[in-house]
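Peer 1: Give me coordinates for this.
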Amino acid sequence: INAEYMGISENIKVHSLTHLDFKLKSTNLNDEGCIAIAQVLRFSKAITNLFLWLCNTAVTDLGISYLASQLPFLNLQNLNLDLGKTQISDQSLILLSESFRKIGQRLSKFWLSLEDTEVTDNGVTAFIKSFIPYPFLVQLCLNLSLCAMISDESAVLIAYYLGISKRLKSVYLDFRESGISRCIVNQMLAIKTRQHSVFEILYN
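Peer 2: Numbering: from 1, shown residues only. Take a look at the predicted model:
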């Protein structure tokens with residue numbers, strides 16, 4: 001990766017051939033930088049653990065398109081995507097959903113933050129539908145806080161996934177200051193069983 005060109009070389013951590021960590025939160029990362037990240041992913045097909053911390057950057061749907069194009073070629077088991085406070089829209093989630101259909105059966109841990117973005121139910125429901133056929137996750141973390149355009153339409157699908165996922169051990173959902181109702185949150189809390197070691201929903 002041309003990290004010097006990106007100006008973020010100190011934030012890229014290659015822990016091993018299987019663990020890649022891009023700590024780029026609040027940096028000058030933009031869509032052009034995502035091209036460089038995608039190039040790294042193109043030559044890192046053995047990666048099983050990928051962490052992309054892109055929160056509070058200038059990344060848009062274009063940048064996500066570069067990243068999403070490479071995800072299906074990775075042997076991912078653990079994926080963390082922090083897209084909070086970026087300039088993405090529903091288009092990014094649709095692109096990611098297409099990738100997820102190809103990697104969903106391999107993932108066991110998934111973390112996604114869309115905090116304070118302009119995504120709507122259209123994008124979130126499209127994404128959730130992409131991994132409903134793969135109820136194999138052991139850990140699910142989803143942050144929709146400050147997403148005012150997210151409503152119960154998305155939450156109903158999330159609840160459905162929680163109900164059919166028999167391997168889930170850890171669930172963390174952040175719905176603070178979103179458009180999701182208390183009624184749906186209570187329905188999700190009722191799904192908790194002995195199989196869940198962690199089951200937390202933040203809501204106000």
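
Peer 1: Can you get me a residue count around the residue lying closest to residue 149 once chain neighbours are set aside?
Peer 2: Nearest non-adjacent residue to residue 149, counting by C-beta to C-beta, 6 or more residues apart in numbering: residue 120, 4.3 Å away. (C-beta placed from N, C-alpha, C; glycine too.) Around residue 120 there are 19 other residues, counting by other C-beta atoms under 10 Å.

Peer 1: Please verify my assumption that residue 120 contacts residue 88.
Peer 2: No: judged on C-beta atoms under 8 Å, residue 120 makes no contact with residue 88 at a distance of 11.5 Å.

Peer 1: Tell me the backbone dihedrals of the residue nearest to residue 149, please.
Peer 2: The phi and psi values for residue 120, taken as degrees, to the nearest 10, are phi -120, psi -180.

Peer 1: measure it to residue 179 for me?
Peer 2: 10 Å (C-beta to C-beta, to the nearest Å).

Peer 1: Contact partners for residue 25?
Peer 2: Applying C-beta atoms under 8 Å, 6 or more residues apart in numbering to residue 25 gives the contacts 53, 54, 55, 56, 57, 82.

Peer 1: ok, and the most crowded of these?
Peer 2: residue 54 leads these on contacts (other C-beta under 10 Å) with 28 neighbours.

Peer 1: pLDDT-wise, which helix or strand of this structure ranks last?
Peer 2: helix 3-6 (a mean of 44; mean pLDDT, DSSP states H and E).

Peer 1: for this protein, which spans come out with low pLDDT?
Peer 2: Within the chain, the stretches with pLDDT under 70 are 1-16.

Peer 1: mind listing the strands for it?
Peer 2: With strands called from DSSP state E, the chain shows them at 12-16, 19-23, 49-53, 78-82, 109-113, 139-143, 170-174, 198-202.

Peer 1: hey, where'd the helices end up in the chain?
Peer 2: In the chain, helices defined by DSSP state H lie at 3-6, 31-42, 61-70, 90-103, 121-131, 152-164, 182-189, listed in chain order.

Peer 1: Quick one: closest of those helices to residue 175.
Peer 2: Within these, the stretch nearest residue 175 is helix 182-189; the backing value is 6.5 Å (C-beta to C-beta).

Peer 1: just to revisit the earlier point, contact partners for the residue nearest to residue 149?
Peer 2: Counted by C-beta under 8 Å, 6+ apart, residue 120 has contacts 90, 149, 150.

Peer 1: quick one, what contacts the closest residue to residue 96 other than its chain neighbours?
Peer 2: Excluding its sequence neighbours, the residue lying closest to residue 96 (C-beta to C-beta, 6+ apart) is residue 68, at 5.2 Å. Each residue near residue 68 by C-beta under 8 Å, 6+ apart is listed here: 92, 95, 96, 98, 99.
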